[in-house]
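Undergrad: Structure of the sequence below:
(2 chains, ligands or ions: 1)
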Amino acid sequence: MNEQNLMAFAKDLDDIKASTLAKVGQTDADYIRRVVRRQRYFEWSGRLLLVAGFWTPWLWAIGVILLALAKIIDNMEIGHNVMHGQYDWMNDKQLNSKTYEWDIACDGQSWNRVHNFEHHTYTNIIGKDRDFGYGLLRLSNDFRWRVKNLWQFVTYLLLSVLFQWGVSYHELAAERVFMGKKKANRDGKVSHEELKRRFFSKGARQLVKDYVLFPLLAGPAWLWVLGGNLVANLLRNLWTSTIIFCGHFTEAVQTFKEADCVNESQGQWYFRQALGSSNLQGKHWFHVLTGHLSCQIEHHLFPDMPSSRYQEVAPQVQAVFAKYDVPYNTGPFWRQYGSVLKRILRYSLP
Amino acid sequence: MIDTMTKWFLHHQQLAGYLEPIMQRFKPAWRAGFYRAEVACIEPINEKYLELWLAPESTWPIHKAGQHLELTVEMNGQLRTRVFTIASSPEQYRASGLVRLIIRTHELGRFTPHLTTYLASESWCNISAPQGTFLFPQRKMGATLMVAGGSGITPFLAMLSQHLGETCHPVKLIYIARAGEHLAEKELNTLAARYAHFSYFPIGRTDFEPLTHYLNDLDAPVVYCCGPQALMEQVATQSRAANLSYFDEPFGLATQINLAERTEHAVKVAHHQYAVDNQRSLLDQLEQQRVSVRRGCGMGICHQCQCVKKQGLVRDMRTGELSDAGESLIQLCVVQAVTDVEITL
Ligand code: FES
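TA: Got it, this is the predicted structure:
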């Protein structure tokens, strides 16, 4: 695209953003509160039903699913979006990006720094966006091939299973808190001590909650509760990891060089976000459970637009993309996920 | 104990915050850290003022005459807060369970013109505990001179109805307002008829004489003033000149905003002041002056630079929208100051 087209492209997207944000109001506030309410219902009915595993495993299984759903909704639709500041306009202390904390091992503020700033500003710029491959996987030719990439599919599976810990450790790994050579050019915004303290305290609290406190409260049903929490956490990890991979690592997604973002215009920035993301198609409930990361393209164009609006703007964005011949990468879940797996496998070889 | 558990395991500051959305199903406007109040009646007094009677929930700590409260109303999904003086006495509250606010509606405001839309009678809103130290001196010896300007009459209405019966020293009220816009005239006249030691002078905006003019029959009174900034400054200086003790209640700031012109403002951060202009973003200018602010994207998407604005007006550079004067969250990288502002980082 030439500079003129890029400007028109940016203008069209800005217009969508402005007209949508102008509509944001009571319905969006009601929506997010309704989601929070459901999350609470799921969580507590789930936790109660786990105890019922003592009588019949069926109730236990339903409990596990409810608890997993609660955790998924908390992390995705509520946590991710609230911490992006999408609902800050409500002035509600409980739904505010500066104070929100989620039900996951990762410290909210740490994630906020790495994700909201680095990943969203420098999306898919190799060397700046550490979310690209998480420093574990080789997902493009920008990285030199190493022997360890041969078994990166197994690494990927492990990462998915332990995803919450991966996310939690992410900033510490990048800052080389525990190992590796400190990078000279990194101006750490938070001291290593503080990073470590928050990493351990949040992680420990999560472990205590799911594997000590609630099992203890359940008395003789402790094993059911402990097992249920374990499975619910596992389901949540697999789900979040899968959805997130679908958003950035499908085959068609492109990467960029650091030079690409120097003095970038708004149009170029939008364009880079567009090429660096991919969407998933599905029903309303599916979008909610992905935290609207199924609308990854829209989310990357407008990171702080309330998630309640992504489904509505998606067709408008798609139309603008078509107008300027920008590829709009979307597809049903299985196709996109298949494409992710292929990419992981493809780059495990030189 | 419960709070610690909530913080550790439910990730909320208070259990109430965690339960809030569920409680709101049963109790509208139920909110952690706020009191609830039900609207008993909301009515325009004239084109400029309206009267709001609220029934606070029973746990609300009773106010003292002259105090104000923060009124929070959910308007189109957004919680907006403004401060109003309570224009009724604690005695009235004990008798009826109601408090009265007299609210000046600003045509272009983001709060007052919408009140009638969002607050029907029997709807619910939130209020804070009463606050403020603009109080009638209990057990005081001597005369009192009150000077009210416009809506600055409200604290005096509460004080007079509460305390006139308890004192026998002279109390004089000078009430400055546009002709025909004096509020609560009947109420004040009734008080004046009932208490011989109370006198009441409604005057026009240009009729206010130097303070000494009103002192003839008063022996070294304590001076109280509430109204526009300019009036309070004038009365303060004259009281000081006459060696009288003086108290005032700063009221809302009336500001003229001209965006085309470059203007300079002070930004207060903790105990420091920084000079900024209204042309560039606050983030750029604070950084330039080596304030340790957190910068992320610098383009308004990552919210790393977000902070709490305590007071003052800022303008969103992207939309041109002006903020509220009260406390709100702002993103330093995309706002400019249009008045003096105070922020906490
Ligand atoms: S620095 Fe990113 S929003 Fe201000």
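Undergrad: which residues does residue A:219 contact?
TA: For residue A:219, no residue meets the contact criterion (C-beta atoms under 8 Å, 6 or more residues apart in numbering or on different chains). All C-beta atoms are positioned from the backbone trio N, CA, C, and that covers glycine.
Undergrad: Where does the spatially most central residue of chain B fall, secondary structure wise?
TA: Of all residues in chain B, the one closest to the mean position by C-alpha atoms, centre = their mean is residue B:83, 2.9 Å from it. In the assignment (DSSP states H and E), residue B:83 maps to strand B:78-85.
Undergrad: Next up, the contacts around the closest residue to residue A:304 other than its chain neighbours.
TA: For residue A:304, ignoring the flanking residues on the chain, the nearest one in space by C-beta to C-beta, 6 or more residues apart in numbering or on different chains is residue A:85 at 4.7 Å. The contact partners of residue A:85, taken as C-beta under 8 Å, 6+ apart, are A:97, A:116, A:304, B:303, B:306.
Undergrad: what's the pLDDT at whatever residue of chain A ends up closest to chain B?
TA: Ranking the residues of chain A by distance to chain B (C-beta to the nearest C-beta) places residue A:29 first, at 3.1 Å. Here, the pLDDT recorded for residue A:29 equals 97.
Undergrad: Show me what the strand holding residue B:83 is packed up against.
TA: Counting contacts by 3 or more C-beta pairs under 8 Å, 6 or more residues apart in numbering or on different chains; DSSP states H and E, the secondary-structure elements packed against strand B:78-85 are strand B:68-75, strand B:99-104, helix B:154-163.
Undergrad: Make JSON lines out of the ones you listed and add distance to residue B:192 and mean neighbour count.
TA: JSON lines is the format used below for the helices and strands packed on strand B:78-85 (distance: least, C-beta to C-beta, whole Å; neighbours: other C-beta atoms under 10 Å in any protein chain shown):
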{"stretch": "strand B:68-75", "distance to residue B:192": "25", "mean neighbour count": "21"}
{"stretch": "strand B:99-104", "distance to residue B:192": "19", "mean neighbour count": "22"}
{"stretch": "helix B:154-163", "distance to residue B:192": "10", "mean neighbour count": "24"}
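Undergrad: thought residue B:335 was touching residue B:281?
TA: Yes: using C-beta atoms under 8 Å, residue B:335 is in contact with residue B:281, at 6.5 Å.
Undergrad: shared neighbours of the two, anything?
TA: residue B:317.
Undergrad: For these two, indicate the residue with more neighbours.
TA: More neighbours sit around residue B:335 than around the other of residue B:335 and residue B:281, counting by other C-beta atoms under 10 Å in any protein chain shown; the figures are 24 against 21.
Undergrad: Identify the residues contacting that one.
TA: With C-beta under 8 Å, 6+ apart as the criterion, the residues that contact residue B:335 are B:281-282, B:314-317, B:323.
Undergrad: Please identify, among these, the one with the most neighbours.
TA: residue B:282 (29 neighbours).
Undergrad: if we can go back for a sec, so for the strand holding residue B:83, what gets flagged as buried?
TA: Of the residues in strand B:78-85, those buried under the neighbour-count criterion (16 or more other C-beta atoms under 10 Å in any protein chain shown) are B:78-82, B:84-85.
Undergrad: same question, stretch B:181-194
TA: Under the neighbour-count criterion of 16+ other C-beta under 10 Å, stretch B:181-194 has B:181-184, B:188, B:191-192 buried.
Undergrad: Centre of the chain to that stretch, how far?
TA: On the basis of C-alpha atoms, centre = their mean, to the nearest Å, stretch B:181-194 sits 24 Å off its chain's mean C-alpha point.
Undergrad: before we move on, what about stretch B:147-166?
TA: Stretch B:147-166 sits 16 Å away from the centroid of its parent chain (C-alpha atoms, centre = their mean).
Undergrad: what about the strands in chain A?
TA: Along chain A, counting by DSSP state E, no stretch forms strands.
Undergrad: Could you list the low-pLDDT ranges of it?
TA: Low-confidence segments of chain A (pLDDT under 70): A:179-189.
Undergrad: Just want the angle from the helix or strand bottoming out on mean pLDDT in chain B to strand B:68-75.
TA: Of all the helices and strands that make up chain B, strand B:246-250 has the lowest average by mean pLDDT, DSSP states H and E, namely a mean of 83. The directions of strand B:246-250 and strand B:68-75 differ by 10 degrees, with axes from the mean of the first three to the mean of the last three C-alpha atoms, to 10 degrees as the criterion.
Undergrad: partners of the helix or strand following strand B:246-250 in the sheet?
TA: Note on strand B:246-250: by DSSP H and E, the next helix or strand toward the C-terminus is strand B:264-269. When pairs are called by DSSP bridges, strand B:264-269 turns out to pair with strand B:272-277 (antiparallel), strand B:341-344 (parallel).
Undergrad: Would you tell me which one of those is buried the most?
TA: Using mean count of other C-beta atoms under 10 Å in any protein chain shown, the stretch among these with the greatest mean number of neighbours is strand B:341-344 (a mean of 18).
Undergrad: which residues touch that one?
TA: With contacts defined as C-beta under 8 Å, 6+ apart, strand B:341-344 is touched by B:265-270, B:282, B:307-314, B:330, B:332.
Undergrad: change it to 6 Å
TA: Residues outside strand B:341-344 that contact it (C-beta atoms under 6 Å, 6 or more residues apart in numbering or on different chains) are B:267-269, B:307-312.
Undergrad: Can you flag the buried ones in those residues?
TA: Looks like the contacts of strand B:341-344 have B:267-269, B:307, B:309, B:311-312 buried, using 16+ other C-beta under 10 Å.
Undergrad: and the residue in chain A that the ligand sits nearest to, how many neighbours?
TA: Closest approach of chain A to the ligand (C-beta to the nearest ligand atom) occurs at residue A:117, with a separation of 6.6 Å. Here the neighbour count serves as a burial measure; for residue A:117 (other C-beta under 10 Å) it reads 20.
Undergrad: got the contact list for it?
TA: Taking C-beta under 6 Å, 6+ apart as the criterion, residue A:117 is in contact with B:296, B:302, B:304.
Undergrad: Can you pull out the low-pLDDT segments for the stretch 101-250 of chain B?
TA: Scanning the stretch 101-250 of chain B residue by residue, the ranges that satisfy pLDDT under 70 are B:138-140, B:250.
Undergrad: all strands for it, in order.
TA: Ranges of strands within the stretch 101-250 of chain B are B:124-127, B:144-149, B:171-176, B:198-203, B:222-227, B:246-250, based on DSSP state E, counting those that start in this stretch.
Undergrad: for the nearest residue in space to residue B:224 that is not next to it in sequence, what are its contacts?
TA: Leaving aside its sequence neighbours, residue B:224 sits nearest to residue B:146 (C-beta to C-beta, 6+ apart; 4.7 Å). With contacts taken as C-beta under 6 Å, 6+ apart, residue B:146 has the following neighbours: B:156, B:173, B:224.
Undergrad: pLDDT score assigned to residue B:305?
TA: In this prediction, residue B:305 has a pLDDT value of 87.
Undergrad: count of residues packed around it?
TA: The burial metric for residue B:305, expressed as a neighbour count using other C-beta under 10 Å, is 25.
Undergrad: quick one: it from residue A:66, how far?
TA: When C-beta to C-beta, to the nearest Å is applied, the distance between residue B:305 and residue A:66 equals 39 Å.
Undergrad: And residue A:280, by the same measure?
TA: Distance from residue A:280 to residue A:66, counting by C-beta to C-beta: 23 Å.
Undergrad: Next: residue A:274.
TA: On the measure of C-beta to C-beta, residue A:274 and residue A:66 end up 37 Å apart.
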